[in-house]
Every structure is written in structure tokens, then in C-alpha cells.
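Participant: Predicted model follows, preceded by the sequence.
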Amino acid sequence: MRKPSLGQVAVYVVLGVAAIPVLFPVYYGFVGAVMGPGDLATYPPALVPSELHWQNLTDVFRSVPLGRFYLNSAIQAGIITLAQVITSIVAAYAFAFLRLPARAATFGLFLATLMVPWESIIIPNYLTVSGWGLARGGLTYLGLVLPFLASAFGTFLLRQAFLQFPSELRDAAVIDGCGHWRLLWRVLVPLSKPSIAAVGVYVFLSAWNQYFWPLILIRDTEFQTLQIGISQLNDAEAAQPGLILAGVALSLLPTLAVVILGQRYIVRGLTAGALR
Amino acid sequence: MPPPPTVTAPPAERAPTKPGNSGGRRRQRLRLREAGLGWLLLLPSVVVFALFVFWPLGRTLYLSVYGNDIFGAPSAYVGAAHYQEMLSAEFGRVLATTALFTLFSVLPAVAGALVVVLLLEARIRGVRVLRTAFALPFAFSVATASVVFAVIYNPAIGVANGLLGAFGIDRVNWLTDPSIALPAVCAATVWMNFGYNVLVLSAGVAAIPPEVVEAARLDGATGWRLASRITVPLLSPQLFFLVVVSTIHALQSFGQIHILTKGGPDQATTTLVYSIYEKAFAFGSADFGAASAQAVVLLVIMLACTAVQFGILERRVHYR
């Protein structure tokens, strides 16, 4: 092994220094979750646990109904992801392969929705959804997902993927009696799995992490999503940081799994706009 | 999961469709069927967009020129009154806070990620592990990251003050001191965006053809010269994309402000989106008229950003 040069040592030092502020909140989020009050709730706070206080991870379920929040988030993000993937696939097929009047104009309208910030239309949407009675009881699930069942981003990304297939494929399929529906689901979808996975991962993460809409819509604690639940935990247990961080660590597990397992799809989805 | 093929393509499609062979009427019917299928496939998305994007867009404009009762129901036409209200020092401060928040949450995160990604290009061991480590903040949602920072910023028992104390510096009220709160929320936001920026820039670096870098190295370019003459110019599409997307993202930021400061202290962290939330939804307030007028301002700012994106992206940035 070659001895590292002075320049390389300098690079390590700079990266090491930069890594401290980046990694510390990650470290603290997880290690703090198993730190006792003696380490966390005193001054000065400890950086390393003096003993592992696993109890936080069970106590937090007594402070807030974390399991229920988990279930709610899974239902909300699951429905949104499934629905957006399906509506995007079929819309992308229509835009990529079917001749229909006003196709370009409709595609333009789809893209226009990307320019409208959700926060600027959240008031009328709140009035609509709560006016339909979808902010109470089990109907809350419907209110949570209804505005997010379609995605211009997903449609755009999948249309790009479908356009990579030659249009002869479409003609051949039609002549062979395969039909549009079968061409789409038996040929294009299996061949476009990476793009579909990119859309799915992206949609799941943004749905799971939603904050503004669940915050204003949900009235019954029973139907609270995990993100709002964690923020309420923060308000309720300010004196017990161990419990708060335990909630954070537990709520991070699904996204952490998705980020690690779906890393290449994430980069693909994230940079779809940048790399073009 | 392929749905049952019973709803499959119309049987007429199966007939051979040699152009010019069959009658024009038959082809027309085929076209009609194709268009019908197309519109059927677009229908779910069109309905969602119509109900939850375009209709509310019009309704935001409508609400912004109407007054409302205490329950938020529109009452009388008030013309530009809500817009005139915004010509106040109070709203000016909201816009200034929004600009400062955007500037100081976007630029440090992009510049910092660029430096890290460039350093990761140096020929050192353990690059892969380091890159994953720097991308880790991406796994945090805005809410979870904000809560971790709330614990760190805790004035009595937080690590931030513990660290200062170790150097003999007095405690700082990170989130309740009007001059510190905004920088503190910006710092947390920079952290939240850092992982994403590292991921995007790393992907950009990976897409640079190795021959280009190799040729430059053979010509004797190393370190700073290689970075400034080769890597950064070739990264300009990603850098520009990040600046625009992060700006749009920052203008929409809400969760960290709601969790960390609730817009305070003394309005010091009330950005445009938080102001909309406060007017419309916080503390039983239902001033939908005034909030909608502010929402229109947000919309205009965002449209301007998107126009910049499309206008400049096409021309000025180096594309491969």
C-alpha cells in the first residue's frame, strides 16, 4: 500500500471535518434514542451513552399511539404510491403511443400542474375535502389521499421511458392482435421496471414525509400520520428527549430501508430533470 | 399486475391495417377508438388535476378578492383590499424573511455539497463509504430532522449549548432569540438538503466520461485546476438544477418552521408559506381571503422561478 501523499491527507482532514456536522444529527437521532435521562436531560448533555436505555423504545408507545400512526402512514403512503404509479402508467401510454386530439395541449396542462405550488392552492383544497366530510373518522384516509392520486412527474418520467421503445413495436403489437392493453401491461411495463421503480420510490418517500396537508386536515388523533405524531411527541415530551429521539429513530426505519434498498432508483428519479 | 384482458383493445384493431387499403371510413373509426381509449386512460389524471389543481387555482384567485366571516365562508366582494393590506411593513418583513431563508438555506447547501463531492473525486480510499455517509440526511423527513434539531437546540439541555459551554461560551437561545432563530432554522434546513444535493451531484460526476478526466490528467491538470476547468463546468446542469429546485423547495418550506419556531420569535421566522398557514389555519384563524391573496403572491413568485428555470436552462448551461 502506497503511503498517502500530503494532499490526500489534507483531503481526508477536510472531509472528516465536514462529516462531523453532517453525521452528528444522524448519530444523535439513533444513539439518543437509547440514552437515559441521566445522559440527555442534564447539563452538559452526554455525547456517548453511559448505559443503553432500551426502555425508551417501548416507553414511547405509551406516550403516543406510535403503532397506530405507523399504520395510518402506511395506508396513506401505500394508497398514494399505488394509485400514482397506475394513473401515471396509463396516462404515459396515452401520451406516448396513442393518437388523440389535443394530445400536445393536454400534455402541456399536465406539465403546468408541476408549476403550481401545492401551498398556493391548499386553502380551496382544504375547503373542498373538508366540505365533502372527508376530515373525520375513517373517511380521513380518503381525504389524505384524494388530491394525490395522479402525478404529472410520474407521467412525464414514464412517458420518456415508453418513448424509448420504437413506434414499430406498437404497430407490430396491434397487427399481431396483441392490443394496446396487453402491449402496455405485458411488454412495456415489464421492460420499464427501473423507471416505474424510480417513480414508486420517489412517490412513496414524498407521500410518507408529507406534513402540511395531514397537519391541517386530520382532526382525530386516531388517524394522525407518523410525521405529525412525531411532531406532537416533540411538543408533549420536551423534558424527555430520549423518548422523542426513540420516536424519531423508529419512524425513520421504513424510509431508511427504502433509501438504502432503492438507492439507484432514487438517484435515477431525482436526477431525471437534471440529466434529461 | 396485469388487469384482466377482457377490457382489452377493440376487436377492430386486430384487422390488418394496411394504409390506404381499407376504406377511409374504417380508418376513421379506428382512429376514433384509439382516441377514445386514449382519453379513457387520461381520465383519472385529468379528473384529479381538474378537481385538485385547476379548480382550486381559480378558487384561490376568487377567494383573494372576497372577504370572509369568522368561519372562512366568503362574504362580500372586497376588490384589491387584501392585496392592499400586503403593502404593509408587516408583509414586507414576511417577504424579506422568505428571501433570507431561501438564500441562506439554498446556497450553503449547494456550495457545501459541491465541495464535498469534488473532494470525493480525489483519489482516496473509502470514497464509497464516505459518499453514502454524506447522503444520509436524505433519509430524514422534514419532520424527523426538525425534531432532532429541536432536541439539539434545546436551550437548557441541548447539545448545541453543551458544545458552546465546553468552550466557555454562554448559552444561546437558538430558537427564541429573534436574531438567532432564522439562522438556526436555515442551518437545520441546510442539513436536510445536504444529502439530496450530494446524491444529485455525485450522479452528475459519475456521468462525466472518464476519458475527459483522463485526458485532462495526462495534460497535467490536477486538484484545483481539474475541478475548476473540467469537473465544475461539466456539472453546471446539475448545479443549476439544484439551485432552482432547492429555491422552489425553500420557498415552500413549512414543516421545519412549524416544528422549530412556529414562525416566531416575534415573527422572525414567518416566511410566506408560514404566513399563509397562520392566516388560514393556525389558532382557529380562518382568514381565507387574506391568506388566499398571499397564496397568489406565492404562486407568482414560484411561476417566475419556473420561468427562469426554463428560460435559462435551455440556453446558458453546458449540456453534453
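Facilitator: Sure thing, it's come through.
Participant: helices or strands up against the helix or strand harbouring A:Asp171?
Facilitator: If you go by DSSP states H and E, A:Asp171 is part of helix A:167-175. Contacts defined by 3 or more Cβ pairs under 8 Å, 6 or more residues apart in numbering or on different chains; DSSP states H and E place helix A:167-175 against helix A:179-182. For every residue, glycine as well, the C-beta is placed using N, CA and C.
Participant: tell me the average confidence for the helix it packs on?
Facilitator: Averaged across helix A:179-182, pLDDT comes to 82.
Participant: That helix - contacts with which helices or strands?
Facilitator: In terms of contact count using 3+ Cβ pairs under 8 Å, 6+ apart, helix A:179-182 is assigned the packing partners helix A:167-175.
Participant: Pull the helix it packs on out as CSV, backbone CA atoms only.
Facilitator: C-alpha atoms of helix A:167-175 as CSV (Å, rounded to 0.1, in the frame of the first residue of the first chain):
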residue,chain,number,x,y,z
SER,A,167,-43.2,3.0,-32.5
GLU,A,168,-42.9,-0.1,-34.8
LEU,A,169,-43.4,-2.1,-31.6
ARG,A,170,-46.8,-0.5,-31.2
ASP,A,171,-47.8,-1.2,-34.8
ALA,A,172,-46.5,-4.8,-34.6
ALA,A,173,-48.4,-5.4,-31.5
VAL,A,174,-51.6,-4.0,-33.0
ILE,A,175,-51.2,-6.1,-36.1
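Participant: tell me how far that helix is from the chain's mean position?
Facilitator: Helix A:167-175 sits 36 Å away from the centroid of its parent chain (Cα atoms, centre = their mean, to the nearest Å).
Participant: now do stretch A:223-243
Facilitator: Relative to the chain's own centre, stretch A:223-243 is displaced by 20 Å; criterion: Cα atoms, centre = their mean.
Participant: list the buried ones in that stretch?
Facilitator: By 16 or more other Cβ atoms under 10 Å in any protein chain shown, the buried positions in stretch A:223-243 come out as A:223-234, A:237-238, A:240-243.
Participant: returning to that earlier point: what is the mean pLDDT for the helix holding A:Asp171?
Facilitator: The pLDDT scores in helix A:167-175 average 73.
Participant: next one: stretch A:119-127
Facilitator: Stretch A:119-127 comes out at a mean pLDDT of 94.
Participant: again, but for stretch B:174-191
Facilitator: Confidence over stretch B:174-191 (mean pLDDT, whole number) is 94.
Participant: On the three-state scheme, B:Gly67 is what?
Facilitator: Three-state secondary structure (criterion: DSSP: H, G, I helix; E, B strand; the rest coil) places B:Gly67 in strand.
Participant: any low-confidence regions in the stretch 101-250 of chain A?
Facilitator: A:174, A:177 (pLDDT under 70).
Participant: Tell me, how many residues neighbour the residue in the stretch 151-276 of chain A that chain B sits nearest to?
Facilitator: At 2.9 Å from chain B, A:Gly179 is the closest residue in the stretch 151-276 of chain A, using Cβ to the nearest Cβ. Close neighbours of A:Gly179, defined as other Cβ atoms under 10 Å in any protein chain shown, add up to 20.
Participant: how is chain A carved up into domains?
Facilitator: When chain A is parsed with automatic domain parsing, its domains come out as A:6-53, A:65-225+A:253-275.
Participant: now chain B
Facilitator: B:5-63, B:84-315.
Participant: For A:Val9, find the nearest of those.
Facilitator: Closest of the domains of chain B to A:Val9 is domain B:84-315, at 9.3 Å (criterion: Cβ to Cβ).
Participant: Quickly find the element holding A:Met115.
Facilitator: In the assignment (DSSP H and E), A:Met115 maps to no helix and no strand.
Participant: these two touch, right, it and B:Met302?
Facilitator: Yes. The criterion here is Cβ atoms under 8 Å, and A:Met115 meets it with B:Met302 at 6.9 Å.
Participant: Looking at these two, which is more packed in?
Facilitator: Neighbours were counted for A:Met115 and for B:Met302 using other Cβ under 10 Å; B:Met302 has more, 20 against 16.
Participant: Okay, the more buried one and A:Tyr70: tell me how far apart.
Facilitator: Look at B:Met302 and A:Tyr70: by Cβ to Cβ, to the nearest Å, they are 33 Å apart.
Participant: Just give me the residue right at the centre of chain A.
Facilitator: Geometric centre of chain A, nearest residue: A:Leu205, 0.9 Å, by Cα atoms, centre = their mean.
Participant: pretty sure it is touching A:Leu256, no?
Facilitator: No. A:Leu205 is beyond contact range of A:Leu256, at 10.9 Å (criterion: Cβ under 8 Å).
Participant: Now do the helices in the stretch 101-250 of chain B.
Facilitator: Remark: helices assigned in the stretch 101-250 of chain B by DSSP state H, counting those that start in this stretch are B:127-135, B:142-153, B:159-166, B:181-206, B:210-218, B:223-226, B:232-234, B:236-251.
Participant: Of all the residues in the shortest one, which ones are buried?
Facilitator: Spelled out, that is helix B:232-234. Result for helix B:232-234 [16+ other Cβ under 10 Å]: buried residues B:Leu234.
Participant: Brilliant, that's me finished.
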